[in-house]
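Undergrad: Pasting a predicted model and its sequence here:
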Amino acid sequence: MERRNRGSETPKIPNQANAIKLPPLHLPAQANQCHQSNSISISLPASAPGISIGEAIKLLFGDNAGSAAIDEQPNQPSDSTTSNSGPAKLGMFHSKSIPAGSSYGKTAAVGKFNGPFEDQQRLPRSYSSRDKRFDSFKTWSGRLERQLSNLRGKPQEPDVEANESDIMEIEAVPAVERYFDALEGPELDTLRASEVSVLPEDQKWPFLLRFPISAFGMCLGVSSQAILWKTLATSPSMSFLHVNLTVNLVLWCISLAVIGTVSLIYSLKIIFYFEAVRREYYHPVRINFFFAPWIAGLFLALGVPPSVAVNLHAALWYVLMAPIFCLELKIYGQWMSGGQRRLSKVANPSNHLSIVGNFVGALLGASMGLKEGPIFFFAVGLAHYTVLFVTLYQRLPTTETLPRELHPVFFLFVAAPSVACVAWAKIRGDFDYGPRIAYFIAMFLYASLAVRINFFRGFRFSLAWWAYTFPMTSASVATISYSVAVTNILTRSFSVGLSAIATFTVTALLVSTIIHAFILHDLFPNDVSIAITQKRLKFSKKLAHLRSANSDMKETEGSLPKNSPELEL
Amino acid sequence: MERRNRGSETPKIPNQANAIKLPPLHLPAQANQCHQSNSISISLPASAPGISIGEAIKLLFGDNAGSAAIDEQPNQPSDSTTSNSGPAKLGMFHSKSIPAGSSYGKTAAVGKFNGPFEDQQRLPRSYSSRDKRFDSFKTWSGRLERQLSNLRGKPQEPDVEANESDIMEIEAVPAVERYFDALEGPELDTLRASEVSVLPEDQKWPFLLRFPISAFGMCLGVSSQAILWKTLATSPSMSFLHVNLTVNLVLWCISLAVIGTVSLIYSLKIIFYFEAVRREYYHPVRINFFFAPWIAGLFLALGVPPSVAVNLHAALWYVLMAPIFCLELKIYGQWMSGGQRRLSKVANPSNHLSIVGNFVGALLGASMGLKEGPIFFFAVGLAHYTVLFVTLYQRLPTTETLPRELHPVFFLFVAAPSVACVAWAKIRGDFDYGPRIAYFIAMFLYASLAVRINFFRGFRFSLAWWAYTFPMTSASVATISYSVAVTNILTRSFSVGLSAIATFTVTALLVSTIIHAFILHDLFPNDVSIAITQKRLKFSKKLAHLRSANSDMKETEGSLPKNSPELEL
Amino acid sequence: MERRNRGSETPKIPNQANAIKLPPLHLPAQANQCHQSNSISISLPASAPGISIGEAIKLLFGDNAGSAAIDEQPNQPSDSTTSNSGPAKLGMFHSKSIPAGSSYGKTAAVGKFNGPFEDQQRLPRSYSSRDKRFDSFKTWSGRLERQLSNLRGKPQEPDVEANESDIMEIEAVPAVERYFDALEGPELDTLRASEVSVLPEDQKWPFLLRFPISAFGMCLGVSSQAILWKTLATSPSMSFLHVNLTVNLVLWCISLAVIGTVSLIYSLKIIFYFEAVRREYYHPVRINFFFAPWIAGLFLALGVPPSVAVNLHAALWYVLMAPIFCLELKIYGQWMSGGQRRLSKVANPSNHLSIVGNFVGALLGASMGLKEGPIFFFAVGLAHYTVLFVTLYQRLPTTETLPRELHPVFFLFVAAPSVACVAWAKIRGDFDYGPRIAYFIAMFLYASLAVRINFFRGFRFSLAWWAYTFPMTSASVATISYSVAVTNILTRSFSVGLSAIATFTVTALLVSTIIHAFILHDLFPNDVSIAITQKRLKFSKKLAHLRSANSDMKETEGSLPKNSPELEL
């Protein structure tokens, strides 16, 4: 019974550690005796196991499971060869393989690829037994190993099956409802109490698996600062500040470095853990962050220091807008036509990220002197922003993810009109009524959020916050543009004030990030939002049903005369 | 019991054939013996009945019902006189009365009015007993007969009652929920399995009853082609194609003929089957097609060849816009204030038809040199298009009819912004930012639909498809307008490409229509969407309830200990 | 049992009269005998009670309740001193204290403050026992009394407790769902049959408690007329009417008087019955009327006769817009972020009042020659009007309050685009496309409402109607503005026609108001919408549950075999 249930969730290669991980899945009748035996395996100390995992499995599930676990081939973990070559030239990643005598398999397979922000307390790892629990997320789970062992001349009979189950696995991503059911929090990144992760929860996962697409938020935050300081240095209304363009140059170089690093790491994730990327792509909040890399690129192009380049080639614009256009075709189309991912269901403030790219693109295009392209993206942005704005403002009861509490994510409301204002002013070549209307809407929304002081209270810091702060920077840039059109003491001080707030926020985030990375070592916690089970466990459903049935029964009993003792569960 | 149930559905003149059609409506206790007797009547062969219907009714319902059925006066079916005169001058309708010896009434009363696309396999029909099953949809069900029999001197005591029930019938149209409950498919034109038609399902209905309002879609498709070819011939940016205005003239003449024919046939339907027209009017999808005749008129006026007329009189515009204005007052008002037909319930892509008339009207008005009128309709269209666009994009869970699958109907999304673009450009006299924004929105939506390739797959062809293709033509016209403003190789080839696609689609549809009309003889299938019962049959509801109750009971039983035998239903 | 229930609703000082008010709250088993005794107290004649209330209470609830009622200190009702000074200078309020011999407490404590429209049939009132049933709504329920008795040297031990319960009471306002659950009608001002008021229903409440915020509607109606007649007198296209500016002056003076009076009375309500004001503020419809005072002020400034002032100081605009801005920050923010008051729940046409202030403010600002401020409010109004327009047009099934029937409230649909049109024309300095689009949208909505003739049928007159008529005036003003831009016989007659309708409507309302005030004496009925209980009475819920359970049981019984007698509740 238990094995069947588990099988439906993790249909891959027998995966003993995972099985141990699962909470007891028995009928209440069996719960007593089994719970005991399970708790043995759960309480197994990770560092120094007295008995081997294989033995524990034999104890729990009989010989078949045990032998499967024991029959593991002591392959060379081939990823090390690949990942060693990749980041070496960046010089930021230390790839040291620690050979250890421990004979059990709880080792992070690509765990050696620990970035600079990494917890150093790692588990010993052996070449003799590889941790297969992350195989379902690996792109070439066993392929390279198999190739290597082929070279060594080993027979490989289960190859075809594994490949088939690979394909099956790739087809089946959790449905969007599953994400809403299984996760909670404003960024849908916390597992609900009733849920079970398909990856081990008590252990740090490989770094790449923990590296979320929202890390690109950092790029947005930093590169938008580069734009802000460029604007401060070059706007005539801000000339009284005498800002030096060097600030822009420094920030731009930092941005370039951050974007390069994050892109490289995420590319590696795409290569090695494609399944994890796919699951991020189907995550209702994360999907919007797939726009972030391209928006960051646009920001980089917008903030380019005059000393680096004055005129960018138009081809750059086309290169950056092409993926945005494709993503939009995909995502807006899903809003409109896709049953499961319809907008009335998935609407949440992070959708703004999927809109704002249009306006940023329009701004960059217009800055480059293009004409029709920017208007195209502006038009697309305008139409879909209207839809999104109305939908988010309505707060339909069917949108499952809008958090009750205010949260940095709400600041994204400010982003689209701010950028739209600057973009339209650039397209028109004049800060007239259109840009002003957009600007004032942005300002009202900003004020509307700013007066709600319980804003930053009680939320766990996450990398996504970076994305939620670039709207402040955009608002500052829009204000400076406005102050160029309407130059007076009020608009100037407003510009200075908003710029100060934006810079302060980014600095505060930078400090937080550094603290979390190097002191708390928890910048990249296990990304459980990609590790939800495909379906709700049947058993837990049954259990819940039984529980509620039970309580119902008790209520009924209460109202029943006492002489019906046979009505019991 | 049974008679009461039936009576509530068909409250008209005793209507024996209809009664036989209905599925058994008894309580389960009675179901066994009665089902048998009923199945006799259902399996009655239509062509050569061994026993007379009257006898069967006597058998089933006792003498009262039987005598009512037998007391039918062998009237002269007066429709033939009327319909003979009407279409004669068009020369397209052959009205041959086939006298036949068969003595029962399963004859299509107005069935002789079979259009040119018609299945020739018809049932013999006799003058002695008229088929009364379509009477409830006839405007003058028995009036002319009665007048004729009055002339013959027969007494007519049940006249007043019949008239009263007539009026009652006219009051009671199925509620909008009924349409959603009883029908399915993207055009809500297929009866659900659980439903029963009030008209005979095993037989072809009179042609007029099968002629839907969506036939005007054909007019939209053809007349928009006339506009396209006029634009191709006259636009300076397209002069390199050397398109001759003769194409426009030919297409325009065809359009005129098609519109004339369809209008005439539908007028006859209004005259003879007003009840059917009313039911189309209350159909949530069909209602939007009531705009089609007037839009087709506007298209005709827009596509008028220069050789026919250069300046149209402004009065034409007022004549065409008046009914559109009245329909809009009615329908938009229902969206806003009408409980049952509120927008959040009836929203579906075919609503675009009710919007696009505003923009087409604005375009024609502006072309004629009018000023305020076009802006009026443009404003009304803009406001309601925004509402509709947002609503459709949100895909509210309460909108019951939006089809899961993509369907030609989605192409209507492209129509409104395309036409709005051209209209605004004409009003402004300049293809500036406004028209461009509308144009680019249309293009994005076009691309968004075009990339979804599983578009034309697995759908039954229907006349409504014609309406769903005029958006392509509109997009081509808009692109040509755009290419006049921005003339380069890209916009020119885009114009040519889109025009080719539009023309190809219309040609393909034309071929399909001809095949369905003359080879498959199924262009006008029975229009079941107007033949739904007013209320869900009480019995089928009860049955469903019993079924579900039963299964619940079984589940409960399963979880109960076996020694509680008194808890049973 | 009963006392506990009551306690949860009215947690204040023992409040015997209130207790008597409540309908019988017993289990059905007890209902028979108790209902009788309760009906005694309810049928107590208010004017000449045979037995003292205290005795009745003793009879019903035993000695504890009775003694609490009897132990009342014969305080000096201090409000009289305060209220005597306030309205004296206006000369409209007669504050006569009628000493009376009656020894029981059913006296309206601030009841003497009866405005000019007041029912004169008042109850005798004594200094010896004060009516405490309205204390929970009073700002200083017993504070002043206590101070006075302190002066007399009386001990005051229950002071702290009373204060604490005061604070608790202030924290707990009924949740927004409660308003929807407990109230009905298009203005949510009628108590549902199942609900119980926390204030006595059989008696007139103190005038201030009955004076609703919607009384400001009157100000909107009258002051907008002043603007209309100013526009008629000064517009070049209307010069053929030769309207004298004196009409404007007279209407403006009347407006000033009405606004002054209403403001003064409502200020007194704020001072003396702050709890009542709070409950109006949380009422989903009433909240929107909190914009009315400021809009009325803007109207007054817009309609100022040239003889009074030609140029108003810009400071006035800032003073009037500041509270509107703050209210908007609060209310729009709630729409977006507040769980309970989300727009998809509270959307109803009266929300237009919260939008229209933006456009009126923009109009006044632009008239004064301001530039950025008006655009700011126009932009904020435009964004939120789009959201509201779409939401109201969709008629989401979750918006609980939208009335089925058409109602004057729907005319608010016309207000926003009308005013927006004039405002944008003033900002642009030209009646071009933008204003025309807004104007035509307003006209279409007007026509859409006008064709629905069953408009004024079957509704109770209320003060709120005044607010629902200023849109007509706005539409007239917009039409006159339009007729200045497009001067012809049609626009001129349109202007005259709409102005006539608007003036006629306001006159009709004026007559109605006078009739209701001075003849029917029911202009200010008990404002039950602020007197709903905080939670649904537990008992009534239980009762409803029992009832439904009972009927379910009967249905089940019907389908059960008769030999299962033990399954009973």
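TA: Noted; the coordinates are in hand.

Undergrad: In terms of secondary structure, what does the lengthiest helix in chain A contact?
TA: Across chain A, the longest stretch assigned as helix under DSSP state H is helix A:245-272. If contacts are counted by 3 or more CB pairs under 8 Å, 6 or more residues apart in numbering or on different chains; DSSP states H and E, helix A:245-272 sits against helix A:79-85, helix A:207-210, helix A:216-234, helix A:274-281, helix A:292-302. (Each C-beta comes from the backbone N, C-alpha and C, glycine too.)

Undergrad: just so I know, which of these lies nearest residue C:243?
TA: Nearest to residue C:243 among the helices and strands packed on helix A:245-272 is helix A:216-234 (53.6 Å), distances taken as CB to CB.

Undergrad: That closest one vs helix A:245-272, what angle?
TA: 160 degrees (axes from the mean of the first three to the mean of the last three CA atoms, to 10 degrees).

Undergrad: which secondary structure elements does helix A:216-234 contact?
TA: Counting by 3+ CB pairs under 8 Å, 6+ apart, helix A:216-234 packs on helix A:245-272, helix A:292-302, helix A:465-485, helix A:489-514.

Undergrad: Can you list the buried residues in that helix?
TA: A:216-233 (16 or more other CB atoms under 10 Å in any protein chain shown).

Undergrad: again, but for stretch A:270-287
TA: For stretch A:270-287, burial by neighbour count (16+ other CB under 10 Å) applies to A:271-273, A:275-287.

Undergrad: Kindly report the same for stretch A:481-501.
TA: A:481-485, A:491-492, A:494-496, A:498-499, A:501.

Undergrad: could the residues you listed be laid out in TSV, adding distance to chain C and pLDDT?
TA: Shown next, in TSV, are the buried residues of stretch A:481-501 (distance: CB to the nearest CB, whole Å; pLDDT from 0 to 100):
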residue	distance to chain C	pLDDT
A:481	14	94
A:482	9	95
A:483	11	94
A:484	14	93
A:485	10	92
A:491	9	93
A:492	14	94
A:494	11	92
A:495	14	94
A:496	18	95
A:498	16	94
A:499	20	95
A:501	18	92
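
Undergrad: Could you say which of the helices and strands packed on helix A:216-234 is packed most deeply?
TA: Compared across those, helix A:465-485 shows the largest average neighbour count, a mean of 26 (mean count of other CB atoms under 10 Å in any protein chain shown).

Undergrad: Packing partners of that helix?
TA: Helix A:465-485 is packed against helix A:216-234, helix A:412-428, helix A:433-450, helix A:489-514, with contacts defined by 3+ CB pairs under 8 Å, 6+ apart.

Undergrad: Pull out the CA atoms of the shortest one and give them to me as CSV.
TA: Read it as helix A:412-428. The C-alpha trace of helix A:412-428 is given here as CSV (Å, rounded to 0.1, in the frame of the first residue of the first chain):
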residue,chain,number,x,y,z
LEU,A,412,5.5,46.5,-8.6
PHE,A,413,2.2,48.5,-9.0
VAL,A,414,4.4,51.6,-9.3
ALA,A,415,6.8,50.2,-11.9
ALA,A,416,4.7,50.0,-15.0
PRO,A,417,3.2,53.5,-15.0
SER,A,418,6.6,55.0,-14.0
VAL,A,419,8.4,53.3,-16.9
ALA,A,420,5.4,53.9,-19.2
CYS,A,421,5.6,57.6,-18.4
VAL,A,422,9.3,57.9,-19.3
ALA,A,423,8.9,55.7,-22.4
TRP,A,424,5.9,57.6,-23.7
ALA,A,425,7.7,60.9,-23.1
LYS,A,426,10.7,59.6,-25.1
ILE,A,427,8.5,58.3,-27.9
ARG,A,428,6.6,61.6,-28.1
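
Undergrad: Please name every helix or strand in contact with that helix.
TA: helix A:352-368, helix A:372-394, helix A:433-450, helix A:465-485.

Undergrad: pLDDT (mean, whole number) over the shortest one?
TA: For helix A:352-368, the mean per-residue pLDDT is 94.

Undergrad: and the angle for that helix with helix A:292-302?
TA: Angle, helix A:352-368 to helix A:292-302, by the same axes, to 10 degrees: 30 degrees.

Undergrad: Which neighbouring elements make contact with helix A:352-368?
TA: Under the contact criterion of 3+ CB pairs under 8 Å, 6+ apart, helix A:352-368 touches helix A:292-302, helix A:314-337, helix A:372-394, helix A:412-428.

Undergrad: Dump the ones you listed to JSON lines, plus mean pLDDT and distance to residue C:316.
TA: Formatted as JSON lines, these follow (pLDDT from 0 to 100; distance: least, CB to CB, whole Å):
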{"stretch": "helix A:292-302", "mean pLDDT": "94", "distance to residue C:316": "43"}
{"stretch": "helix A:314-337", "mean pLDDT": "90", "distance to residue C:316": "46"}
{"stretch": "helix A:372-394", "mean pLDDT": "93", "distance to residue C:316": "31"}
{"stretch": "helix A:412-428", "mean pLDDT": "94", "distance to residue C:316": "29"}
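
Undergrad: just those: most buried one?
TA: Using mean count of other CB under 10 Å, helix A:412-428 ranks as the most buried of these, with a mean of 26.

Undergrad: angle of that one against helix A:292-302?
TA: Counting by the same axes, to 10 degrees, helix A:412-428 lies at 40 degrees to helix A:292-302.

Undergrad: Compute the first-to-last residue distance for stretch A:199-211.
TA: One end of stretch A:199-211 sits 15 Å from the other (CA to CA, to the nearest Å).

Undergrad: what is the mean pLDDT for it?
TA: Here the average pLDDT along stretch A:199-211 is 80.

Undergrad: in it, what's buried?
TA: The neighbour-count check on stretch A:199-211 (16+ other CB under 10 Å) flags A:199-200, A:203-211 as buried.

Undergrad: And for whichever residue of the stretch 51-200 of chain A sits closest to chain B, the neighbour number?
TA: Residue of the stretch 51-200 of chain A nearest chain B, by CB to the nearest CB: residue A:177 (12.5 Å). Neighbour count for residue A:177, taken as other CB atoms under 10 Å in any protein chain shown: 13.

Undergrad: secondary structure element for it?
TA: Per DSSP states H and E: residue A:177 is located in helix A:176-182.

Undergrad: hmm, whichever helix or strand comes after that helix touching chain C?
TA: Per DSSP H and E, the first helix or strand lying C-terminal to helix A:176-182 is strand A:183-184. No - Strand A:183-184 is not in contact with chain C by CB under 8 Å from any CB of the partner chain; minimum separation 15.2 Å.

Undergrad: got the contact list for the next helix-or-strand element following strand A:183-184?
TA: Next along the chain after strand A:183-184, taking DSSP H and E as the criterion, comes strand A:190-191. By CB atoms under 8 Å, 6 or more residues apart in numbering or on different chains, the surrounding residues in contact with strand A:190-191 are A:182-184, A:197, A:201, A:528-529, A:531-532.

Undergrad: can we see that at 10 Å?
TA: Taking contacts as CB atoms under 10 Å, 6 or more residues apart in numbering or on different chains, the residues outside strand A:190-191 that touch it are A:182-185, A:197, A:201, A:460, A:526, A:528-529, A:531-532.
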